[in-house]
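Participant: One predicted model, sequence on top.
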Amino acid sequence: MNTRIVPTQPFADQKPGTSGLRKKVPVFQQPHYLENFVQSIFDSLESFQGKTLVVGGDGRYYNRQAIQIILKMAAANGFGRVLVGQGGILSTPAASAVIRKYQAFGGIILSASHNPAGPHEDFGIKYNISNGGPAPEKVTEAIFARSKVIDQYKILDAADVELDKLGTFQLETLTVEVIDSVADYAELMESLFDFDRIHQLLTSGQFRMCMDSLHAVTGPYAHALFEQRLGAPSGTVQNGIPLEDFGGGHPDPNLVYAHDLVEILFGENAPDFGAASDGDGDRNMILGNHFFVTPSDSLAVLAANAKLVPGYQSGLSGIARSMPTSQAPDRVAARLGIECYETPTGWKFFGNLLDAGKATLCGEESFGTGSNHIREKDGLWAVLFWLNIIAVRKQSVKQIVQEHWQTYGRNYYSRHDYEAVDSDRAATLMNNLHSLLPNLKGKQFGSYEVDYADDFSYTDPVDGSVSKNQGVRIGFTDGSRIVFRLSGTGTQGATLRVYLESYEPNIAKHNLDPQQALGDLIAIADELAQIRTLTGMDKPTVIT
Ligand code: VG1
Ligand code: CO
């Protein structure tokens, strides 16, 4: 075998964050940088000889080069087979689906999700385990530990594999199968949703939708599903060709970065339904005609209507949401008589609950929703879920959400992000907050009285593992909350996230602007954390 053993030295900064290792492309392009991390993954795994690995990415700059390196390293390390998406393309949910369908040992996904792409922008890599989900913390910690002492890696000397042609190629003892990026995923979607009914809706002449793939990975999936399979007119999917730099944009489906779509849905002659997804296809934003659905509400609405959808008609075993996500889903769970689990931020914490059958639907406030059909959040799945509900209920997005509020009350919600803050200042802000925590209970801020103040710690109900320091929570006696945490996905300085939530049972007060409804809490957050003073910013970079 043409294996080369390459001596190397550790890099100190290969600690995976909320979702894998994310760095600027030039960092990944340093000699041995990617190789060290990939070998650290392999060194942290056991008994994969001869087994199957899934590899694919969101198509961003450096995707193809990284895949060639990974294929040659997989060969040299003894994997038997690699399934790789055509052109190196697999959305994160599609990769999860493929790992599960073919019972692979695991998978490597190349993405920095919604972070911009290009020669000077971001790249990312993460490892998923055999259930199709992100590696749990004990695995990511083992990978990081290994990366700090690694002194060699193994790679095959071979020509590059042709990634654009479907078929099977041999890299010595490794079989590389280039698979259709879309087919397995589309088949899974068809098994969950009522495609006939959605087809009727989309061809009825009474309903128009617009899907914005933001030049990122979901383009081919959205074309195949909405236009080819479900009958929507061509042109329904915009920005549907994945580009290595995502067209210079920021493929983050929110009101700020998906502004073209927002203008369409809030403009004249607006369509009935709009959706966008992120770089790697796991996030979604749902819009109605002149209406925005917050992700937390979206999860709650999907849960409340799940029985209308074939894949979930027998009901839900439970719901899980990340801690900063609003408590709207908790109200649905209470009414359904099922559990609502509260986990730390990041999809890896849902895996055990899904595997154990404790939760069927999961979601995060950061535009992520998903279910037990895979082990990642899933953008187009959420879009199809909404379309299925609309096709059955024959109501507008706005009517569905407003009726939901009438039934359950409205959880006003907003997240304020302060991006690229100086890391030391961000650390000071969090330290100051920590020092306030022991004395906050019972304190009064205007009409709000602090009920509890802590740093969220999670004990996994399945394996008992404990994850500490997952975000500072300040809860008030009326159920309102302010949560502060630092992002674990950024690549520049620190990003402070402030999550704000209040509950409004009164129907007459359901149509306020969330920034107004949350105005007092926004002021309290600044008073407590001295955000403006410490960040030097007088307003958030992004409000969602
Ligand atoms: C963010 C979100 C989190 C999400 C993570 C990965 O993490 O807040 O909810 O799971 O991104 O999503 P952080 O640590 O920056 O807050 V993705 O679509 O970037 O894979
Ligand atoms: Co993503």
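Facilitator: That came through, no problem. Ligands and ions are numbered 1, 2, ... in the order given.

Participant: OK, contacts around the residue in the stretch 51-200 of the chain that ligand 2 sits nearest to?
Facilitator: Nearest residue of the stretch 51-200 of the chain to ligand 2: S113, at 3.2 Å (Cβ to the ion). C-beta coordinates here come from the backbone N, C-alpha and C atoms, glycine included. By Cβ atoms under 8 Å, 6 or more residues apart in numbering, the contact set of S113 is 19, 22, 58, 92, 124, 278-280, 282-283, 489.

Participant: Could you check which helix or strand contains it?
Facilitator: Using DSSP states H and E, S113 is not contained in any helix or strand.

Participant: Look up which residues are beta-bridged to L496.
Facilitator: Y418, L486 (DSSP bridges).

Participant: pretty sure it contacts L486?
Facilitator: Yes. Taking contacts as Cβ atoms under 8 Å, L496 lies within contact range of L486: 6.2 Å.

Participant: Identify the contacts common to the two.
Facilitator: Common neighbours of L496 and L486 (Cβ under 8 Å, 6+ apart) are A426.

Participant: How much space separates the nearest residue to S423 once chain neighbours are set aside from S487?
Facilitator: Excluding the flanking residues, the one nearest S423 by Cβ to Cβ, 6 or more residues apart in numbering is A494, at 4.7 Å. Separation of A494 from S487 (Cβ to Cβ, to the nearest Å): 7 Å.

Participant: now swap in K509 and tell me
Facilitator: 32 Å.

Participant: now the helices for the stretch 351-500 of the chain?
Facilitator: Taking DSSP state H, counting those that start in this stretch as the test, the helices found in the stretch 351-500 of the chain are 351-355, 379-393, 397-408, 423-436.

Participant: Of all the ones you listed, which one is nearest P505?
Facilitator: helix 397-408 (8.9 Å; Cβ to Cβ).

Participant: So what touches that closest one?
Facilitator: Identification of contacts with helix 397-408 by Cβ under 8 Å, 6+ apart yields 272-273, 286-291, 293, 297, 300-301, 304-305, 328, 331-332, 335, 386, 389-390, 393, 395, 507, 510.

Participant: pLDDT (mean, whole number) over that helix?
Facilitator: Confidence over helix 397-408 (mean pLDDT, whole number) is 97.

Participant: Please save the CA atoms from that helix in CSV.
Facilitator: What follows is helix 397-408, C-alpha atoms only, in CSV (Å, rounded to 0.1, in the frame of the first residue of the first chain):
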residue,chain,number,x,y,z
VAL,A,397,-49.3,31.0,8.0
LYS,A,398,-50.5,34.0,9.9
GLN,A,399,-53.9,32.4,10.8
ILE,A,400,-52.2,29.3,12.0
VAL,A,401,-49.8,31.1,14.3
GLN,A,402,-52.4,33.6,15.6
GLU,A,403,-54.8,30.7,16.4
HIS,A,404,-51.9,29.0,18.1
TRP,A,405,-51.3,32.1,20.3
GLN,A,406,-55.1,32.2,21.1
THR,A,407,-54.9,28.7,22.4
TYR,A,408,-51.6,28.8,24.2
